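**Student:** For reference, the sequence and a predicted model appear below.
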Number of protein chains: 2
Amino acid sequence: MVEIKNSLPMQDTQTTEQKIIEAAKSVFIEKGFDGARMQYIADRAGINKASLHYYYRSKEKLFDTIFIEAFNDFMPKVSLIIASGSSLFDIIRAFCAHYIDGLMKHPHLPVFVLHELSRRPEKVIEMLRKTGIKPQMMNTIIEKEVSESKIIEINYKHLIINIISLCVFPFVGRPVVQGFFFGGDTEEYSRFLEERKNKVADFIINAIKK
Amino acid sequence: MVEIKNSLPMQDTQTTEQKIIEAAKSVFIEKGFDGARMQYIADRAGINKASLHYYYRSKEKLFDTIFIEAFNDFMPKVSLIIASGSSLFDIIRAFCAHYIDGLMKHPHLPVFVLHELSRRPEKVIEMLRKTGIKPQMMNTIIEKEVSESKIIEINYKHLIINIISLCVFPFVGRPVVQGFFFGGDTEEYSRFLEERKNKVADFIINAIKK
DNA sequence: TAATAATTTTACCATTCGGTTAAATCATCT
DNA sequence: AGATGATTTAACCGAATGGTAAAATTATTA
């Protein structure tokens, strides 16, 4: 709402607005919309609850801001990878590596986004439009490889969803998977995820190559 | 708490307890723990809110009951399929078909379970133990096929997680995927899921066969 | 039928939560 | 300094929510 002039004696490096966003993000992602408390967000930001409302009139408004940011973090920047002009196999490899890597830095993102997505599915379509991502782009590449007989015939929708499934699910299902296969050992699970960057790509390529 | 004698003039086929469980299940799965309201559950069960507390002292207690049931619905009965003594490929085919089919009947289950799992991960380990499922069982089968050179070398953990990922994710990410690839068309998406029963199995088998 | 136990309902309570008001504080500009 | 506008704070509000007490009703048993 108001620009802060960064004059010399700046005690706090963060503006109040930044502190709010950071706090709200962590609380919403941790607790979900219904579980999050405005008071708790204010506490974590180190400000008064009324100040919170001063910047973001309502919980909904604050949430929307956070959600858009989280959603964009969650959606991989696939267009950049595609634009590189690489082969399909290299695109798949780059995608898996980048996406899993990104999620490892924000492991709670998938659960948050997917849960809140189900809560208000209407908003999704609108947000998806804004990303500008078109499945068509991938379709073109895949169809070409199919017609050149480099890969088996496969519906591009299935392929894309398969790729995303294999990357995302281990984060959504982390508590189950980690508890089940790794006796709850977090570090071992991290190594496992790290391993998946290549293993998932290999798996996919194996499944579609001729 | 008390058995109801099914004497002849039984107006309502369901006992109050059954009505509560059914209502609570649908509400919790729809709204999550924080989003669910006891009043709303009572309404949907067609009873008084105080009656709800008469049967289940607290929201927590009621939720636990529901969650255990939902969790068991969510966890596929894989031991039955394995016990059939079929080949690995047939096990994979049967698993995908059964699991996707089961989830199609309860499409909201995955989001609910996975979200509440992240909310209280401690409970998971305990519940997993109770299922009696041991990843070892699958490991034995997979190792055997590997040593017989019927499939490529693959870490059984990756393989199992891949299988589950491909089956579950389209339900967790439904709003995104459906909105993105199918313009929100529910029926078309159902057909797509139906198709996946076979396509996913084919994909996996292709990826691991020699 | 009378007594006893189980169930349901009404009315209510304490707390929590999102949000507001208005006063106080701080920064900026003239 | 004094005026003006931005920001922060304390105190508060009304609605909603989980939960309870006790009366009313409905079986069940003796």
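**Tutor:** Okay, I see it.

**Student:** Just name the shakiest helix or strand of chain A by mean pLDDT.
**Tutor:** Every helix and strand of chain A was ranked by mean pLDDT, DSSP states H and E. The lowest is helix A:121-131, at a mean of 79.

**Student:** from memory residue A:93 sits against residue A:201, does it?
**Tutor:** Yes - using CB atoms under 8 Å, residue A:93 is in contact with residue A:201, at 4.4 Å. C-beta: built from backbone N, CA, C; applies to glycine.

**Student:** shared neighbours, these two?
**Tutor:** Counting by CB atoms under 8 Å, 6 or more residues apart in numbering or on different chains, residue A:93 and residue A:201 have no common neighbour.

**Student:** So these two - more neighbours on which side?
**Tutor:** residue A:201 (23 against 20; other CB atoms under 10 Å in any protein chain shown).

**Student:** domain assignment for chain A?
**Tutor:** Domains of chain A are assigned by automatic domain parsing as A:16-66, A:75-208.

**Student:** As CSV, the ones you listed with distance to residue B:164 would be great.
**Tutor:** Formatted as CSV, these follow (distance: least, CB to CB, whole Å):
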stretch, distance to residue B:164
domain A:16-66, 23
domain A:75-208, 7
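
**Student:** and of the ones you listed, who's closest to residue B:108?
**Tutor:** Residue B:108 lies closest to domain A:75-208 among the domains of chain A, at 7.2 Å (CB to CB).

**Student:** Just give me how far the closest one sits from the chain centre.
**Tutor:** Distance of domain A:75-208 from the chain centroid (CA atoms, centre = their mean, to the nearest Å) equals 10 Å.

**Student:** Tell me which of the domains of chain A sits nearest to residue B:208.
**Tutor:** Nearest to residue B:208, of all the domains of chain A, is domain A:75-208, at 7.4 Å by CB to CB.

**Student:** mind listing what's buried in stretch A:66-74?
**Tutor:** For stretch A:66-74, a neighbour-count test (16 or more other CB atoms under 10 Å in any protein chain shown) marks A:66-67, A:70-71, A:73-74 as buried.

**Student:** any residue of that stretch up close to DNA strand C?
**Tutor:** No - using CB under 7 Å from any atom of the strand, stretch A:66-74 stays clear of DNA strand C, coming no nearer than 13.2 Å.

**Student:** Now residue A:74. Nearest residue, chain neighbours left out?
**Tutor:** Leaving aside its chain neighbours, residue A:74 sits nearest to residue A:113 (4.6 Å; criterion: CB to CB, 6 or more residues apart in numbering or on different chains).

**Student:** show me what contacts that neighbour?
**Tutor:** Residues near residue A:113 by CB under 8 Å, 6+ apart: A:67, A:70-71, A:74.

**Student:** nearest to DNA strand D, of those?
**Tutor:** Of all the contacts of residue A:113, residue A:67 has the smallest distance to DNA strand D: 20.9 Å, by CB to the nearest atom of the strand.

**Student:** Please see if stretch A:198-210 touches chain B.
**Tutor:** Yes - counting by CB under 8 Å from any CB of the partner chain, contacts between stretch A:198-210 and chain B involve A:199-200, A:203-204, A:206-208.

**Student:** out of these, which is most surrounded?
**Tutor:** Within those, residue A:200 tops the neighbour count with 28 neighbours, counted by other CB under 10 Å.

**Student:** Return the distance of that residue relative to DNA strand D.
**Tutor:** Distance of residue A:200 to DNA strand D, computed by CB to the nearest atom of the strand, to the nearest Å: 40 Å.

**Student:** pretty sure that residue is in contact with residue A:166, am I right?
**Tutor:** Yes - in this structure residue A:200 lies within contact range of residue A:166 using CB under 8 Å: 4.7 Å.

**Student:** Which neighbours do the two have in common?
**Tutor:** Shared contacts of residue A:200 and residue A:166, defined by CB under 8 Å, 6+ apart, are found at A:96, B:162.

**Student:** on that earlier part again, using CSV, write out every CA atom in the strand or helix carrying the residue nearest to residue A:74.
**Tutor:** Secondary structure assignment for residue A:113, by DSSP states H and E: helix A:109-119. Output of helix A:109-119 as CSV, limited to C-alpha atoms (Å, rounded to 0.1, in the frame of the first residue of the first chain):
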residue,chain,number,x,y,z
LEU,A,109,3.8,-27.3,-0.9
PRO,A,110,2.1,-30.2,-2.7
VAL,A,111,-0.2,-31.2,0.2
PHE,A,112,-1.2,-27.6,0.8
VAL,A,113,-1.9,-26.8,-2.8
LEU,A,114,-3.7,-30.0,-3.6
HIS,A,115,-5.9,-29.8,-0.5
GLU,A,116,-6.9,-26.2,-1.0
LEU,A,117,-7.4,-27.0,-4.6
SER,A,118,-10.1,-29.4,-3.6
ARG,A,119,-11.6,-26.9,-1.3
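
**Student:** any idea how far residue A:205 is from residue A:32?
**Tutor:** Computed as CB to CB, to the nearest Å, the residue A:205 to residue A:32 distance reads 36 Å.

**Student:** Can you name the residues that contact residue A:203?
**Tutor:** By CB under 8 Å, 6+ apart, residue A:203 lies in contact with A:166, B:154, B:158, B:162, B:207.

**Student:** make it 6 Å
**Tutor:** By CB atoms under 6 Å, 6 or more residues apart in numbering or on different chains, the contact set of residue A:203 is residue B:207.

**Student:** Quickly note the distance from it to DNA strand D.
**Tutor:** Separation of residue A:203 from DNA strand D (CB to the nearest atom of the strand): 44 Å.

**Student:** Please state the backbone phi and psi of that residue?
**Tutor:** phi -60, psi -50 (degrees, to the nearest 10).
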